[in-house]
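**Student:** how does the following fold in three dimensions:
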Amino acid sequence: MSVATEFPPDVYIPAPARPRTATVLVFPPRGPAVVPDRAADAGSLRHAADETSRMYPVRATRVSSPSAVGQATVPLHLTRRGYVVVGLLAAVLAAGLLWLAHSSAGSARPAAATDAAVVTVGSGDTLWSIASRIAPERDLRTVVAALEQINHLSNPVLQPGQVLRTR
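**Tutor:** The predicted structure follows:
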């Protein structure tokens, strides 16, 4: 018989699982009685383990400090007020992140280019390039036609320094 099977194992049972009595014995589960063939199994490890578990039931031991086995963790139990506080904290965090994302994002369209009521024509500018600057999301053909109508232009030729109204 080896040294490992001569002594019963010590089993740590966490405090919440222990009964309130001082002494705890844990016995192997009862099942159908199996009588091993003593002649065939007499020298096997299985036979030695069966004999040891019959002779020595598993004993629960008390641990002097939790560091000997590891920290026993107790699950966190929240009350109704605790759930409300956690929910409010999550909502405040989400609202803060949404506010931060909204305040740090730029606008979809540049305000200076689209809100200007007048545009000064630069060298090389055409009605098409001005229309693409002031209304990039709209159909440029209609914007060019609107610029011609608002500014009473008879031809599409522009002079540098000329001022065009956009509204």
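**Student:** after the least confident helix or strand in the chain by mean pLDDT comes which helix or strand?
**Tutor:** Across the helices and strands of the chain, the lowest-confidence element by mean pLDDT, DSSP states H and E is helix 111-114, at a mean of 50. Using DSSP states H and E, the next helix or strand after helix 111-114 towards the C-terminus is strand 118-120.
**Student:** and the contacts of that next one?
**Tutor:** For strand 118-120, contacts defined as CB atoms under 8 Å, 6 or more residues apart in numbering pick out 130, 133-134, 161-166. In short, each C-beta sits where N, CA and C put it, glycine included.
**Student:** okay, the residues you listed in TSV with pLDDT and distance to Val119 next?
**Tutor:** Formatted as TSV, the contacts of strand 118-120 follow (pLDDT from 0 to 100; distance: CB to CB, whole Å):
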residue	pLDDT	distance to Val119
Ile130	90	6
Arg133	89	8
Ile134	89	7
Gly161	90	11
Gln162	90	9
Val163	90	7
Leu164	90	5
Arg165	89	8
Thr166	86	6
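**Student:** any chance of these in JSON lines, plus secondary structure, neighbour count and distance to Leu45?
**Tutor:** Listed next are the contacts of strand 118-120 as JSON lines, based on DSSP: H, G, I helix; E, B strand; the rest coil; neighbours: other CB atoms under 10 Å; distance: CB to CB, whole Å:
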{"residue": "Ile130", "secondary structure": "helix", "neighbour count": "21", "distance to Leu45": "93"}
{"residue": "Arg133", "secondary structure": "helix", "neighbour count": "16", "distance to Leu45": "88"}
{"residue": "Ile134", "secondary structure": "helix", "neighbour count": "18", "distance to Leu45": "90"}
{"residue": "Gly161", "secondary structure": "coil", "neighbour count": "9", "distance to Leu45": "103"}
{"residue": "Gln162", "secondary structure": "coil", "neighbour count": "14", "distance to Leu45": "103"}
{"residue": "Val163", "secondary structure": "strand", "neighbour count": "9", "distance to Leu45": "102"}
{"residue": "Leu164", "secondary structure": "strand", "neighbour count": "18", "distance to Leu45": "99"}
{"residue": "Arg165", "secondary structure": "strand", "neighbour count": "12", "distance to Leu45": "100"}
{"residue": "Thr166", "secondary structure": "coil", "neighbour count": "20", "distance to Leu45": "94"}
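**Student:** how about stretch 44-52: buried residues?
**Tutor:** Residues of stretch 44-52 classed as buried: 48, 52 (neighbour count, 16 or more other CB atoms under 10 Å).
**Student:** gap between Ala131 and Leu76?
**Tutor:** 63 Å (CB to CB, to the nearest Å).
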